[in-house]
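J.: this one's sequence-less:
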Ligand code: NZQ
Ligand code: ZN
């Protein structure tokens, strides 16, 4: 089947050491800027000081405390500030959570209703303030995509919205800011980027040599970073993770091809209820999902085996290789390894998937609630 797609990625990328200074090309002194960040890592590693000095002479205020898996409750405080101060530009400095949070703030600042409406899908974003991003943790691709994932603490819901209006206008990708990342966050980034690529590649065969080849390059790159995990403090290793994670979810490899995203939908529920990190949730769900859906994915699993792992005619061996890769960087593939996961996983997650309309997911819409239950049972 021939490809048909629309693709646009408007985010200007400033890549490399020293690029934080480039943000001034996009801002002007008439802007009233809200700088948003997380729990303080940027204060410890000098990024806050660098941003402050670059913004000297600009009109800016700040909002801190956006948590990992950003909450609706915290973000609404930033929205109130943004509205009261008549902010007209949001600058996110952080990982996926801060950037996703900034997208919510950008859209909610110009919305009169309860902005959870964007997350439950009842309202489409029609306006948003412009935003820019200074990335400090390569993983999600949020720095140059239009997605935002927000959690509501009150109900343990973790939902997403997507809009072309919340692509960052610019993103700074300076790998030197990664030196303070923990092993856990580096491994999370590697696993998240790997799964993003799989969600757009590991579906049904397509005719594009470019899309498959591009995705395989990303997958091989991430595998190689896992194999050279001992070098993770080297600048070149960090630079490669930042490059690969960005390309894994900037929209291109998914354009015009069948996508899956079921691992993410089930994983979001696990994070919503049990607080496991985003990438950790993916590492427990994905291998079992691949086993259960092996027949649907057999051609692409075989292609991945051959072109990424060097495995021929053995799809189970490909799945084992993926598991070994995650485990090799310290991310477990067994849900029981997480302390706060109780024996009520099925009775908690399955009704929530149902409530969120996730009753027929996957590239063939055949991952029903029964199939999700089977996947979760196998992950325990
Ligand atoms: O809050 P601070 O103090 O900054 O600490 C953060 C946070 O605790 C820390 N960190 C970030 N940069 C650092 C650093 N620590 C030291 N040095 C640095 N340079 O890392 C911790 C985790 O940060 P977070 O932003 O939560 O991680 P990540 O980038 O993995 O983002 C995860 C969020 O993104 C969503 C996930 O669901 C989750 O909510 N996703 C967003 C997507 C998108 N927008 O397209 C797609 C993904 O599939 C994902 O769902
Ligand atoms: Zn992800």
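T.: Perfect, thanks for sending it. Keep in mind it's a predicted model, so treat the numbers as computed, not measured. Ligands and ions are numbered 1, 2, ... in the order given.

J.: Can you list the neighbours in contact with stretch 102-109?
T.: Contacts to stretch 102-109, defined as Cβ atoms under 8 Å, 6 or more residues apart in numbering, come from residues 34, 36, 70, 72, 75-76, 78-79, 82-83, 87, 90-92, 115, 118, 125, 127-131, 133, 142, 146-148, 150, 161, 163, 165-166, 168. For glycine as for every other residue, the C-beta is placed from the backbone atoms N, C-alpha and C.

J.: From those, list the ones also adjacent to ligand 1.
T.: Among those, the ones lying near ligand 1 by Cβ under 6 Å from any ligand atom are 142, 147, 148.

J.: Tally up the residues packed near the last one, please.
T.: Here the count is done by other Cβ atoms under 10 Å, and residue 148 has 27 residues near it.

J.: Need the three-state assignment for it.
T.: The assignment at residue 148 comes out as strand when based on DSSP: H, G, I helix; E, B strand; the rest coil.

J.: For it, list the residues it contacts.
T.: Going by Cβ under 8 Å, 6+ apart, residue 148 touches 100, 101, 103, 104, 107, 142, 160, 161, 162, 166.

J.: and with 6 Å instead?
T.: Taking Cβ atoms under 6 Å, 6 or more residues apart in numbering as the criterion, residue 148 is in contact with 100, 103, 104, 161.

J.: Let me know how buried residue 26 is, in neighbour terms.
T.: One way to gauge burial is a neighbour count; for residue 26, by other Cβ under 10 Å, it gives 17.

J.: which residue sits closest to it in space, ignoring its chain neighbours?
T.: Once its chain neighbours are removed from consideration, residue 26 has its nearest residue in residue 170; the separation is 4.8 Å (Cβ to Cβ, 6 or more residues apart in numbering).

J.: And residue 102, by the same measure?
T.: The shortest distance from residue 102 to any residue other than its chain neighbours is 3.5 Å, reached at residue 92 (Cβ to Cβ, 6+ apart).

J.: Give the bridge partners for that neighbour, please.
T.: Here residue 92 sits in beta bridges with residue 36, residue 133, going by DSSP bridges.

J.: still on that earlier bit, how near is the residue nearest to residue 26 to residue 194?
T.: 26 Å (Cβ to Cβ, to the nearest Å).

J.: In helices, which of the contacts of residue 148 fall?
T.: 100, 103, 104 (DSSP state H).

J.: The second one and ligand 1: what is the separation?
T.: Okay, so that is residue 103. Here the distance between residue 103 and ligand 1 works out to 7 Å (Cβ to the nearest ligand atom, to the nearest Å).

J.: pLDDT and neighbour count added to the contacts of residue 148, as a markdown table?
T.: As requested, these are arranged in a markdown table below (pLDDT from 0 to 100; neighbours: other Cβ atoms under 10 Å):
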| residue | pLDDT | neighbour count |
| --- | --- | --- |
| 100 | 98 | 27 |
| 103 | 98 | 33 |
| 104 | 98 | 28 |
| 161 | 98 | 24 |
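
J.: before we move on, back to that, my read: the residue nearest to residue 102 touches residue 99, true?
T.: Yes - with contacts counted by Cβ atoms under 6 Å, residue 92 reaches residue 99, the gap being 4.5 Å.

J.: Quickly list what's touching both of the two.
T.: Between them, residue 92 and residue 99 share the contacting residues residue 133, judged by Cβ under 6 Å, 6+ apart.

J.: who in the stretch 151-300 of the chain is up against ligand 1?
T.: Contact residues of the stretch 151-300 of the chain with respect to ligand 1, defined by Cβ under 6 Å from any ligand atom, are listed as 177, 178, 180, 181, 185, 188, 192, 249, 264, 278.

J.: ok, the fourth one - how many residues close by?
T.: What it means is residue 181. Other residues within reach of residue 181, judged by other Cβ under 10 Å, total 23.

J.: If anything else comes up later, I'll come back, but that's it for now.
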